[in-house]
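Enquirer: sequence and predicted structure below; questions after.
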Amino acid sequence: MRNKVTKAIFPVAGMGTRFLPATKSVPKEIMTLVDRPLVQYAIDEARAAGIKEFIFVTSRGKGALEDYFDHAPQLEQELRRKGKDDLLEILKSTNMDSGEIAYIRQHRALGLGHAVWCARRLIHNEPFAVILPDDVIAAETPCLQQMVEAYEETGGNMVAAMEVPAEKTSSYGILDVEQDMGTMVSVKGMVEKPEKGSAPSNLAVIGRYILSPTVFRTLNKMKSGAGGEIQLTDAIAQEIGVEGSGVYGYRFRGQRFDCGSKSGFLQATVAFGLARDDLKADLEAYLHEIMSTRKAAE
């Protein structure tokens, strides 16, 4: 019987420079998508997948992120006094119990692989998930839950994957596919941000991973890769061909939004707004009005 995946690492040490000046005082991970911070979407997805321990790799200036998951007794008392039970339940759903959440500092920005390595002492000898909150995935069954269910059959290491246009492969980690089984592919190689025209496929790695603790053996060697950073994909690639391990790509069902970019964040805001019964009608009418005005001007 395989060990269950009950721990997840959330690398959130980045400065969010693409969203300045907002991120001068507000960590990018708690910027609001409709009415929930980005990190709340990641937490909800992890909980749905059975994650019980949440490990955040942070940096200086992330105090507001830590405060977000703390209890707010005065606010709860005020909502209770005013009989706002619905809001009280929403607020309570953001709280994390003592012992559920841990914070590790990444003192130097050395890449995603280094951020994951920083949490090694809290993982021990068990499989774990990695979730990048910048990648928000709208799906009927949450992405990580899909992956956990598939992992129970395969074991090894698994990355979320999706097809990207050939001209954009240089922006992603790309899979070199050994066998394509539809939803799942077995992997014979991984290339981080390949030069244009050299990508082995157009199947890109997206910010969801289920990894074997043996990946830390490679991360311990701390070799820098693309961009001078310690790349997580390089470490995962070292697991290919290892007896009892293996690497798989999982084509998840859902729509991914790159909320690390301004355009992706705006697209996600529109999509998630249209998915809300309380917002859909007004937002649709507004978008229709904008497009009609633009066409008339042309």
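Expert: Here it is on my side, so go on.

Enquirer: going forward, measure contacts between C-alpha atoms and count neighbours the same way
Expert: OK.

Enquirer: please enumerate the helices of the stretch 151-298 of the chain.
Expert: Listed from the start of the chain, the stretch 151-298 of the chain has helices (DSSP state H, counting those that start in this stretch) covering 215-219, 232-237, 262-274, 280-297.

Enquirer: what's the closest of those helices to residue 177?
Expert: Among the helices of the stretch 151-298 of the chain, the nearest to residue 177 by C-alpha to C-alpha is helix 232-237 (12.1 Å).

Enquirer: could you look up the SS state of residue 103?
Expert: For residue 103, the reduced secondary structure class is strand; criterion used: DSSP: H, G, I helix; E, B strand; the rest coil.

Enquirer: in the sheet, which residues pair with it? Tell me.
Expert: Note on residue 103: beta-bridge partners residue 56, judged by DSSP bridges.

Enquirer: neighbours around it, how many?
Expert: 15 (other C-alpha atoms under 10 Å).

Enquirer: pretty sure it sits against residue 56.
Expert: Yes: if you go by C-alpha atoms under 8 Å, residue 103 and residue 56 touch, sitting 4.8 Å apart.

Enquirer: can you list the weak-confidence ranges in the stretch 51-200 of the chain?
Expert: Counting by pLDDT under 70, the stretch 51-200 of the chain contains no low-confidence residues.

Enquirer: residue 60 sits in which helix or strand?
Expert: Residue 60 is located outside every helix and strand, with elements delineated by DSSP states H and E.

Enquirer: so how far is residue 255 from it?
Expert: Between residue 60 and residue 255 the distance is 32 Å, computed by C-alpha to C-alpha, to the nearest Å.

Enquirer: those two: which is more packed in?
Expert: Taking neighbours as other C-alpha under 10 Å, residue 60 and residue 255 compare with residue 255 leading, 14 against 11.

Enquirer: contacting residues for the more buried one?
Expert: Residue 255 sits next to 137-139 when contact means C-alpha atoms under 8 Å, 6 or more residues apart in numbering.

Enquirer: which one of the residues you listed is nearest residue 203?
Expert: Distances from the contacts of residue 255 to residue 203 were compared by C-alpha to C-alpha; the smallest belongs to residue 137, at 16.7 Å.

Enquirer: alright, that wraps it up for me.
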